[in-house]
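Q: for reference, the sequence and a predicted model appear below.
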Amino acid sequence: MRRKLFSLILLSLFVVCGTVQAQTQTEPKEDQTNLETQLYMVVGTNQDVADAKLPAALESVIKQLRATLPFKNYRLAAVLINRVKNDGKLEVGSIGVPIAIIADAPQAVSRSSYRIRHVHLTTDSDGKPVVQLAGFAFSAQVPVSTSGPVASTNPAPPAFNYEGMNLSTDISMREGAPVLLGTLNVGPAGDALILIISAKQTPR
């Protein structure tokens with residue numbers, strides 16, 4: 001009787017240990033890596049700008065742009081900094097970003113939003129970190145002036161419409177290195193909105 005009881009106890013321990021080991025092997029540890037994304041909105045224009053200073057991190061990208069998009073000036077409209085978990089997604093909306101500026105209609109503010117369907121950190125063939133952005137989509141509504149010549153007497157209030165623009169792409173980039181996503185025409189003045197993005201790992 002004691003032998004049978006001892007055998008049952010050993011069998012129970014074997015089953016429990018086997019189950020725990022199987023769960024340990026089949027349940028991978030959750031990835032806790034976080035990444036910081038920086039989306040730069042730069043406007044290329046032939047108009048004079050009050051502040052043409054750009055972040056030092058964009059120096060190499062802007063240098064390349066000047067060779068292909070020879071605008072008189074470049075100005076920084078906004079920098080959107082966000083944090084996202086590895087293999088996560090990101091959605092951001094903004095209002096008041098000065099993408100297009102109507103001098104006589106300061107109430108005409110731009111609206112923009114962007115999303116990344118999947119952010120994934122991996123390595124290239126040399127083992128260097130690479131960030132993949134799948135399903136990046138940017139959209140904006142910018143004011144465009146529709147006012148005619150202003151009369152000297154009894155001037156009409158400024159008129160403007162909102163025009164939409166969009167950009168969608170998938171991209172892979174080296175960690176921490178800003179890359180050009182694309183350019184979008186802004187209004188009849190011939191300005192261009194330039195989207196630049198970078199991503200890097202952040203401490204937990």
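A: Arrived safely. Numbering: from 1, shown residues only.

Q: so where do the strands sit in this structure?
A: Ranges of strands in the chain, per DSSP state E, are 34-45, 73-85, 90-97, 110-123, 129-145, 160-174, 179-186, 191-202.

Q: hmm, who's touching stretch 159-173?
A: Outside stretch 159-173, the residues that touch it by C-beta atoms under 8 Å, 6 or more residues apart in numbering are 102, 105, 108, 111, 130-147, 179, 181-182, 184-187, 193, 195, 197-199. Where C-beta positions appear, they are placed from N, C-alpha and C, glycine not excepted.

Q: just the buried residues of it, please?
A: By neighbour count on 16 or more other C-beta atoms under 10 Å, the buried set for stretch 159-173 is 160, 165, 167, 173.

Q: can you give the distance of stretch 120-128 from its chain's centre?
A: How far stretch 120-128 lies from its chain's middle: 20 Å, per C-alpha atoms, centre = their mean, to the nearest Å.

Q: measure stretch 99-108 end to end?
A: One end of stretch 99-108 to the other measures 11 Å (C-alpha to C-alpha, to the nearest Å).

Q: whoops, I mixed them up, stretch 177-195
A: By C-alpha to C-alpha, the extent of stretch 177-195 from end to end equals 14 Å.

Q: next one: that stretch to chain centre, how far?
A: On C-alpha atoms, centre = their mean, the centre of stretch 177-195 falls 14 Å from the chain's centre.

Q: same thing with stretch 39-46?
A: For stretch 39-46, the distance to the chain centre is 15 Å (C-alpha atoms, centre = their mean).

Q: pull out the buried positions in that stretch.
A: So, applying 16+ other C-beta under 10 Å, buried residues of stretch 39-46: 39-45.

Q: excluding its backbone neighbours, what's nearest Ser60?
A: Pro178 (7.8 Å; C-beta to C-beta, 6 or more residues apart in numbering).

Q: you'd agree the one you found is up against Ser198?
A: Yes. Using C-beta atoms under 8 Å, Pro178 is in contact with Ser198, at 4.1 Å.

Q: overlap in contacts, the two.
A: 38, 57.

Q: among the contacts of stretch 159-173, which ones are buried?
A: Neighbour counting with 16+ other C-beta under 10 Å marks 102, 108, 111, 130-131, 133, 136, 138-143, 145, 179, 181, 184, 186-187, 193, 195, 197-199 as buried within the contacts of stretch 159-173.

Q: ok, the residue nearest to Ala177 when sequence neighbours are not counted to Leu39 distance?
A: Nearest non-adjacent residue to Ala177, counting by C-beta to C-beta, 6+ apart: Ser198, 6.3 Å away. Distance of Ser198 to Leu39, computed by C-beta to C-beta, to the nearest Å: 9 Å.

Q: now Lys89
A: With C-beta to C-beta as the criterion, Lys89 and Leu39 are 15 Å apart.

Q: spatially central residue for the protein, please.
A: With distances taken as C-alpha atoms, centre = their mean, the residue of the chain nearest its centroid is Leu39 (4.5 Å).

Q: next up, the contacts around Phe136.
A: Taking C-beta under 8 Å, 6+ apart, one finds 114-117, 167-171, 181, 197 in contact with Phe136.
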